[in-house]
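>>> model this:
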Amino acid sequence: MAIEIKVPAVGESITEGTIARWFKKDGETLRANEPAFELETDKATTEVPTPGAGILRILVPEGSVVAIGAVVGNLESASANSAAPAPAAKPIVSAKPTAAAKLPADGAAPTATVAAPFSPEAQPLAQQTEAARSQHAAPVEAPAPARASTGSGRETRQRMTSIRQRIAERLVKVQQSAAILTTFNEADMSSIMDLRQRCQESFQKKHGVRLGFMSFFVRAVVEGLRAFPIVNAWIEGSDIVFHDDCHIGVAVNTDRGLMVPVLRAAQTMSFSEIEKRIAELATKARDGKIEVDDLQGGTFTITNGGVFGSLLSTPILNPPQSAILGMHTIQKRPVAVHDQVVVRPMMYLAVSYDHRLIDGRDAVQFLVRVKEYLEMPERLLLEA
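Numbers count the residues shown, from 1 in each chain. Purely as a prediction, here's the structure:
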């Protein structure tokens, strides 16, 4: 008797996904718990293991959008394979086609392209159920990129992936629903660079991970949020929701697009714990094994356009968060220090914030506090 391969539930708000790829071809053998197919949703990409062992019979091709719970394949026993194959079951399929996703690195995130936390407002359950019932049709296949001739050459059309569509929707929505303002400052990175150079070898030998810039920024942000808790809050209806914990989202670039995994309760983490967790989440994101829980619950985001060479920019909020810090490239510039002009490695910092909740005074003082900790990193080590 054939074993059904179904689309699993991967999150409370997720009702459908796209079969990005099958790991084996139709007719090949799968072992129990071996990855069967890759499911892409508007939040993450997940490898779905087989519910048993057998010969794979693919019912829904790659590129199809399927509802949670849909049967997308079967596993036949070797003996059953010699008999005539059973007719293909018709899976529950969404009528909305999609494609594949993409993301930046080492805690990097662009500014105008910063990722929103992938948490769609799902339609009412009754509507979802009715929609699922109505979709007993053949699977929808993503069309191949169409080439159209123009007077001067060719153009290629490719359907947006579900993740890219969701990012677009969220970015437009936050621009329309929040009063976004950005304040700027700059930090002298000399002390951090000197400290990293002095301590790198011993730190790596002791903890098995490199001491990067991001742990300093996470710790500086934590201290800033402790001093100005309104920056770690958000608006919910007519209420202000304050958070005791600092759940810091750090954007990661992968070949699937931009993702923002979250460091939970970052105020409790040491430098080595921050570096290890960032490395772990970045690896999961790039390997396509990031989980929905890894991307949810952030209260503040750090985005680093500097790894791409960005000198100055205005980051966009990650709703429902009320503020986001933008890091930029480190550039040597002449600055005045004790009435002397010296050349220092400088970084522009930017904080975008929702002015409906955060006053300019709090945003500016928060950014100044972050700058002070970055320029005196010994204080971060003492207070960690």
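>>> that's a helix at residue 122, yeah?
No: Residue 122: not assigned to a helix; according to DSSP: H, G, I helix; E, B strand; the rest coil it is coil.
>>> now the helices for the stretch 1-150 of the chain?
In the stretch 1-150 of the chain, the segments counted as helices under DSSP state H, counting those that start in this stretch are 78-81, 125-134.
>>> rank those by mean pLDDT and give me the bottom one.
Among these, helix 125-134 carries the lowest mean pLDDT, a mean of 40.
>>> So for this structure, the centremost residue is which one?
Against the mean C-alpha coordinate of the chain, by Cα atoms, centre = their mean, the closest residue is residue 259 at 1.8 Å.
>>> ok, and for whichever strand or helix holds residue 273, which residues are buried?
In this assignment (DSSP states H and E), residue 273 forms part of helix 271-286. Using 16 or more other Cβ atoms under 10 Å as the test for burial, helix 271-286 gives 271-279, 281-282, 284-286. Where you see a C-beta, it was placed from the backbone N, CA and C, and this is true even at glycine.
>>> quick one: residue 28 and residue 55 touch, right?
Yes: Residue 28 lies in contact with residue 55 (Cβ atoms under 8 Å); the separation is 7.2 Å.
>>> So for the two, which residue has more residues nearby?
Legend: neighbour count by other Cβ atoms under 10 Å for residue 28 and residue 55, higher for residue 55 (19 against 11).
>>> Next up, the contacts around the more buried one.
Neighbouring residues of residue 55 by Cβ atoms under 8 Å, 6 or more residues apart in numbering: 27, 28, 29, 30, 75, 76, 77, 78, 81.
>>> who does the spatially closest residue to the first one that is not a sequence neighbour bridge with?
With Cβ to Cβ, 6 or more residues apart in numbering as the criterion, residue 27 has its nearest non-adjacent residue at 6.3 Å, and that residue is residue 55. Residues in a beta bridge with residue 55, per DSSP bridges, are residue 29, residue 76.
>>> quick one: pLDDT of residue 55?
With respect to pLDDT, residue 55 has a value of 94.
>>> how about the strands in the stretch 151-300 of the chain?
Secondary structure of the stretch 151-300 of the chain by DSSP state E, counting those that start in this stretch: the strands cover 154-157, 180-188, 234-236, 239-241, 248-250, 252-254, 257-259, 262-263, 300-304.
>>> Minimum distance to residue 15: which of these has it?
Ranking these by proximity to residue 15 (Cβ to Cβ) places strand 257-259 first, at 20.3 Å.
>>> per-residue confidence averaged over the closest one?
Averaged across strand 257-259, pLDDT comes to 76.
>>> Now do the helices in the stretch 201-350 of the chain.
Using DSSP H, counting those that start in this stretch, the helices found in the stretch 201-350 of the chain span residues 213-227, 271-286, 292-295.
>>> Dump the longest one to PDB, restricted to CA.
Pointing back at helix 271-286 there. C-alpha atoms of helix 271-286 as PDB (Å, rounded to 0.1, in the frame of the first residue of the first chain):
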ATOM      1  CA  PHE A 271      30.200  38.000  22.900                       C
ATOM      2  CA  SER A 272      31.100  34.400  22.100                       C
ATOM      3  CA  GLU A 273      27.500  33.200  22.300                       C
ATOM      4  CA  ILE A 274      26.400  36.000  20.000                       C
ATOM      5  CA  GLU A 275      29.100  35.100  17.400                       C
ATOM      6  CA  LYS A 276      28.300  31.400  17.600                       C
ATOM      7  CA  ARG A 277      24.600  31.900  17.300                       C
ATOM      8  CA  ILE A 278      25.000  34.300  14.300                       C
ATOM      9  CA  ALA A 279      27.200  31.800  12.600                       C
ATOM     10  CA  GLU A 280      24.800  29.000  13.300                       C
ATOM     11  CA  LEU A 281      21.800  30.900  12.000                       C
ATOM     12  CA  ALA A 282      23.700  32.200   8.900                       C
ATOM     13  CA  THR A 283      24.700  28.600   8.000                       C
ATOM     14  CA  LYS A 284      21.100  27.400   8.400                       C
ATOM     15  CA  ALA A 285      19.800  30.200   6.200                       C
ATOM     16  CA  ARG A 286      22.400  29.600   3.500                       C
END
